[in-house]
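>>> the amino acid sequence is not available; the structure is as follows:
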């Protein structure tokens with residue numbers, strides 16, 4: 001009786017709250033009398049239970065697996081392609097990745113419960129009717145990564161763990177049925193990656209020399225490690241394929257050139273034969289056949305995505321998918337490579353297909369739920385301008401779907417990394433902001449990957465310098481073009497984007513009406529000193545681009561570029577968002593900024609999200625994050641907000 005009364009009270013409360021919920025109407029002059037599209041509730045972007053993703057065909061081609069929601073919980077679905085039956089297996093809420101084992105009866109998923117990056121591998125055994133999900137790497141405080149699932153070695157997967165030394169990863173062979181683990185390669189402190197072929201043989205390894213002055217590639221020849229090539233710290237060589245000819249490797253490399261190209265690398269003399277390159281941008285991704293090592297697909301992103309399919313028959317069969325502006329990617333192949341799951345991504349969402357190379361059939365499996373409200377989404381358009389010092393800057397504008405697109409409130413959305421980049425795609429956060437009435441500005445400032453070595457190197461020493469100037473130059477361009485209202489522009493970002501927000505609010509406070517800092521560093525020296533121990537082989541990059549806090553001359557410059565020491569310059573509203581378990585940008589970075597602002601008598605809104613790390617993986621966290629952000633921006637920019645979303649009740653009920 002008590003439980004029933006409680007449920008009834010809850011139901012009544014939900015009804016009352018839902019009925020009392022109302023959206024906040026826009027107050028900005030350009031939006032009040034403009035024709036805005038129907039409002040999309042936040043749950044449509046972050047908690048849509050109809051959305052499915054990560055479609056994977058089994059090696060034998062007889063099963064199809066994907067991730068979705070069942071009974072309000074994250075689940076893996078497995079369809080028997082012959083019997084047409086579908087099985088649902090619940091998995092932890094933060095499980096996303098999905099991989100088939102060689103036996104086509106086992107699946108693997110990567111899982112990080114707390115966000116502290118102690119990732120585990122879950123095994124999903126389809127032979128079991130109950131208790132099908134088990135953790136096969138149940139070691140506490142250990143980070144595990146999946147190094148390889150070789151086609152020809154049917155019993156094992158290959159993993160890397162830092163259980164012996166938190167600063168480095170050793171290579172193990174794991175029998176996924178028995179759980180037996182065998183150490184194959186001990187890390188000497190320099191190895192970043194081991195290269196394992198389809199038979200499970202360790203053929204090469206790459207890393208950073210102990211003096212941190214060069215990268216290296218070594219191959220195992222006659223059971224001995226032999227150095228094949230060495231290259232500078234600003235050069236990139238990533239191995240992606242293992243040809244039948246064991247004297248060669250396939251790689252994405254910019255050795256001796258500015259842009260990353262797809263190359264064939266000789267293990268005899270380290271020479272490279274270019275197989276494919278783009279004159280404007282790096283080759284972003286390439287798919288190579290595991291059977292004959294022929295090149296299948298290459299993707300580049302100069303502005304809109306460009307896809308090159310090398311198999312002539314496949315190119316013709318898939319032409320209907322490529323007639324539109326989409327990024328095409330292959331998410332899985334059967335062992336004989338005749339069945340493929342393919343995804344296409346556009347600025348309104350993704351579609352997943354099953355492609356049969358023998359018959360040419362391309363069957364739609366699913367589309368992201370965002371496409372069901374595509375008429376309320378905004379188009380994403382590339383732009384290109386020159387910075388004040390003549391560097392070409394490329395980016396994207398997400399324009400709200402309004403009739404009069406002049407002098408609109410705007411959000412400068414700064415990407416993370418900073419060595420990441422923005423691409424032409426469906427960005428649910430950007431689309432949520434555009435639906436609220438804002439122009440969303442995204443720019444690949446200097447240091448963003450994908451535009452060549454020189455563009456990357458232009459960012460050295462330019463934290464809070466020319467990297468920030470690039471952002472301001474793009475904002476000024478949108479003002480000159482009368483796209484944005486100069487008095488109503490916010491700066492928003494996560495990780496490095498959060499740092500850029502704090503820089504914008506302290507260095508150029510007159511430029512931005514408000515800012516939202518998500519997971520952003522505020523004090524550079526302590527940031528670098530407290531990076532996770534397993535980042536040791538990447539610290540040289542931070543030292544060269546940002547500074548070494550153990551060098552007095554660098555430390556002084558880093559303090560000058562740290563927003564925490566300039567909190568007194570903030571004059572506009574600031575919202576700081578952080579998580580309790582972030583091991584990359586620790587919560588103390590936000591705490592220090594908040595304390596500095598309070599000391600300077602500056603108001604600040606500060607929200608901490610529990611159970612998350614360097615990111616927001618759970619739907620309930622993203623729901624609250626989006627709601628907090630849209631309400632904050634509505635106050636300072638004058639856009640609209642969806643108001644209370646009844647899914648917010650689920651953030652504590654589930």
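All right, it came through fine. Bear in mind the structure is a predicted one, so any value in this text is a computation, not a measurement.

>>> how far away is residue 437 from residue 638?
The gap separating residue 437 from residue 638 is 8 Å, by C-beta to C-beta, to the nearest Å. For glycine as for every other residue, the C-beta is placed from the backbone atoms N, C-alpha and C.

>>> quick one: which of these two has more around it?
residue 437 (28 against 24; other C-beta atoms under 10 Å).

>>> helix/strand/coil for the more buried one?
Assigned with DSSP: H, G, I helix; E, B strand; the rest coil, residue 437 falls in the coil class.

>>> please tell me the pLDDT value assigned to it.
Looking at residue 437, its pLDDT reads 97.

>>> after the least confident helix or strand in the chain by mean pLDDT comes which helix or strand?
Using mean pLDDT, DSSP states H and E, helix 2-20 stands out as the lowest-scoring helix or strand of the chain, at a mean of 44. Using DSSP states H and E, the helix or strand that follows helix 2-20 in sequence is helix 29-32.

>>> can you list the buried residues in that following helix?
Applying a neighbour-count criterion of 16 or more other C-beta atoms under 10 Å, one finds 30-31 buried in helix 29-32.

>>> what's it packed up against?
In terms of contacts (3 or more C-beta pairs under 8 Å, 6 or more residues apart in numbering; DSSP states H and E), helix 29-32 is packed against strand 408-414.

>>> average pLDDT for the strand it packs on?
pLDDT averaged over strand 408-414 gives 98.

>>> can you give me how far that strand is from the chain middle?
21 Å (C-alpha atoms, centre = their mean, to the nearest Å).

>>> and what of stretch 602-612?
22 Å.

>>> ditto for stretch 84-91
Distance, centroid of stretch 84-91 to centroid of chain: 27 Å (C-alpha atoms, centre = their mean).

>>> repeat that for stretch 523-542.
Using C-alpha atoms, centre = their mean, the offset of stretch 523-542 from its chain centre is 20 Å.

>>> okay, how far is it across it, tip to tip?
14 Å (C-alpha to C-alpha, to the nearest Å).

>>> show me the contacts for residue 315.
Taking C-beta atoms under 8 Å, 6 or more residues apart in numbering, we find residue 315 in contact with residue 309.

>>> got the buried residues for the strand or helix carrying it?
Here residue 315 sits within helix 312-317, counting by DSSP H and E. By 16+ other C-beta under 10 Å, the buried positions in helix 312-317 come out as 314, 317.

>>> again with stretch 131-146
Those would be 132-133, 136-137, 143-144, 146, for stretch 131-146 by 16+ other C-beta under 10 Å.

>>> ok, stretch 286-293 next?
286-288, 290, 293.

>>> confidence-wise, which of the residues you listed comes last?
Out of the buried residues of stretch 286-293, that is residue 293, at 79.

>>> on that earlier part again, what mean pLDDT does the helix holding residue 315 get?
92.

>>> beyond it, next helix or strand please.
helix 319-322.

>>> how far does the helix holding residue 315 sit from its chain's centre?
For helix 312-317, the distance to the chain centre is 30 Å (C-alpha atoms, centre = their mean).

>>> again, but for stretch 200-213
25 Å.

>>> repeat for stretch 589-602
On C-alpha atoms, centre = their mean, the centre of stretch 589-602 falls 29 Å from that of its chain.

>>> kindly report the same for stretch 113-120.
16 Å.

>>> likewise for stretch 54-71?
22 Å.

>>> same deal with stretch 175-193?
With C-alpha atoms, centre = their mean, you get 26 Å for stretch 175-193.

>>> report the mean per-residue pLDDT for that stretch.
Here the average pLDDT along stretch 175-193 is 95.

>>> which other residues reach that stretch?
Counting by C-beta under 8 Å, 6+ apart, 101, 106, 108, 123, 136, 147, 155-158, 165, 167-174, 194, 202, 205-210, 216, 239, 536-537 sit against stretch 175-193.

>>> low-confidence ranges, the stretch 101-250 of the chain, go.
Applying pLDDT under 70 to the stretch 101-250 of the chain picks out residues 244.

>>> cool, thanks, talk later.
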